[in-house]
Structures are given as C-alpha cells and as structure tokens.
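K.L.:
Predicted structure and sequence below. I'll ask about it afterward.
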Amino acid sequence: MLAYVIPLCLIFLGLALLLTLARLIKGPCLPDRALALDTLYVNAIALLTLFGIWKGSALYFEVALLIAVLGFVGTVAVAKYMLRGDIIE
C-alpha cells in the first residue's frame with residue numbers, strides 16, 4: 001500500500017510546487033511573492049522528506065534541514081526589505 005501512496009504524494013507535491021512557482025512569478029504584489037516563496041520552500045522540504053522516506057536515505061533529510069535554514073534566512077531578508085527598503089543597514 002505504501003508503495004502506491006508515496007509516489008502519488010510525490011506527484012501532488014510536485015504539482016503544488018508548480019502552482020506555487022506560478023504564484024511566485026505572477027504575484028500581483030511583493031507580499032504575495034514573499035508568501036509564495038515561503039510556501040515554495042516548505043513544499044520543497046516536504047518533497048525531499050517524502051523522497052527520503054521512499055528511498056530510505058538520510059541524505060535527503062539533511063538537505064531538507066539545509067533548505068529550512070536557508071528559507072528562514074531568506075524570509076527574514078525579504079521581510080526586512082519590505083519594511084525598510086534595504087537589507088543591510
């Protein structure tokens with residue numbers, strides 16, 4: 001049963017990534033794009049974690065943690081840019 005569910009979930013997460021990427025490109029304003037970027041990296045983390053479970057490799061979990069840290073730093077940088085207009089003071 002799990003052999004059928006995981007590939008199906010991978011397909012759905014891939015579709016979610018594509019839809020989020022479309023919102024990131026099309027987004028009407030900067031806050032929409034920032035939210036799409038956050039959603040994009042959360043979906044990427046979920047995709048890598050699920051793929052790591054499917055393949056049975058711990059390497060994908062480490063990459064997912066790296067994306068989580070970089071995504072957090074990116075979110076802070078975008079929020080600072082939206083508030084002040086520059087990132088480094």
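P.N.:
That came in fine, so what should we check first?
K.L.:
what's the offset of stretch 26-38 from the middle of its chain?
P.N.:
Its chain's average C-alpha position is 13 Å from that of stretch 26-38, according to Cα atoms, centre = their mean, to the nearest Å.
K.L.:
Tell me which residue lies nearest the centroid of the chain.
P.N.:
Closest to where the C-alpha atoms of the chain average out (Cα atoms, centre = their mean) is Tyr41, at 1.3 Å.
K.L.:
wait, isn't that residue in contact with Ala68?
P.N.:
Yes: judged on Cβ atoms under 8 Å, Tyr41 makes contact with Ala68 at a distance of 7.4 Å. (Glycine included, C-beta is placed from N, CA and C.)
K.L.:
check contacts around the residue nearest to the centre of the chain.
P.N.:
Tyr41 is in contact with Ile67, Ala68, Leu70, Gly71, Gly74, counting by Cβ atoms under 8 Å, 6 or more residues apart in numbering.
K.L.:
Lowest pLDDT pick from those?
P.N.:
Within the set of the contacts of Tyr41, pLDDT is lowest for Gly74 (89).
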